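Asks: Give me the fold of what follows.
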Amino acid sequence: QVQLVESGGGLVQAGGSLRLSCAASGRAFNTYTMGWFRQAPGKEREFVACIRWNFISIRYADSVKGRFTISRDNAKNTVYLQMNSLKPEDTAVYYCAADQWGSGTTSGYDYWGQGTQVTVSS
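Replies: Numbering: from 1, shown residues only. You can find the predicted model right below:
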């Protein structure tokens, strides 16, 4: 099992940047594909980005390509989401998720964090 704790959310103006972090506890972090998801008020949760356990592939939602960057530091058991050129429509609760030996899909994650709020003002 793995426990996930997100941090780094906050209030930012449109065009600004934030970096989210997700710290994992438990063993074998390097065997987990890590993903970021978000849920805006009144909307379903949606996929944002993921990075495979073996670094072979990284995937982004079309809505964030070129603006967001996912990365991981296995020595620190942490995955990051660098968010640049933020837009008001990026406002949501952002969740970190883990899928052991995952192939880097947009669903099927077994473990979830509690979420961190990101609010982008216009």
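
Asks: For the closest residue to residue 112 other than its chain neighbours, list each beta-bridge partner.
Replies: Nearest residue to residue 112, sequence neighbours excluded (Cβ to Cβ, 6 or more residues apart in numbering): residue 97, at 5.1 Å. For every residue, glycine as well, the C-beta is placed using N, CA and C. Counting by DSSP bridges, residue 97 is bridged to residue 35, residue 112.

Asks: Just confirm residue 97 contacts residue 108, I think it does.
Replies: No - the pair residue 97 / residue 108 is not scored as a contact, 9.4 Å apart, by Cβ atoms under 8 Å.

Asks: neighbour-wise, which of the two wins?
Replies: Between residue 97 and residue 108, counting by other Cβ atoms under 10 Å, residue 97 is the more crowded of the two (24 against 11).

Asks: for the more buried one, what are its contacts?
Replies: 4, 34, 35, 36, 37, 109, 110, 111, 112, 113 (Cβ atoms under 8 Å, 6 or more residues apart in numbering).

Asks: Any figure for the gap between the residue nearest in space to the middle of the chain and residue 122?
Replies: Centroid-nearest residue in the chain: residue 36, 2.4 Å away (criterion: Cα atoms, centre = their mean). Separation of residue 36 from residue 122 (Cβ to Cβ, to the nearest Å) stands at 23 Å.

Asks: For residue 114, list the residues it contacts.
Replies: For residue 114, the contacting residues are 5, 6, 95, by Cβ under 8 Å, 6+ apart.

Asks: What remains of the residues you listed if I keep only buried residues?
Replies: 6, 95 (16 or more other Cβ atoms under 10 Å).

Asks: Quickly name whichever of the contacts of residue 114 is closest to residue 29.
Replies: Nearest to residue 29 among these is residue 5, at 12.9 Å by Cβ to Cβ.
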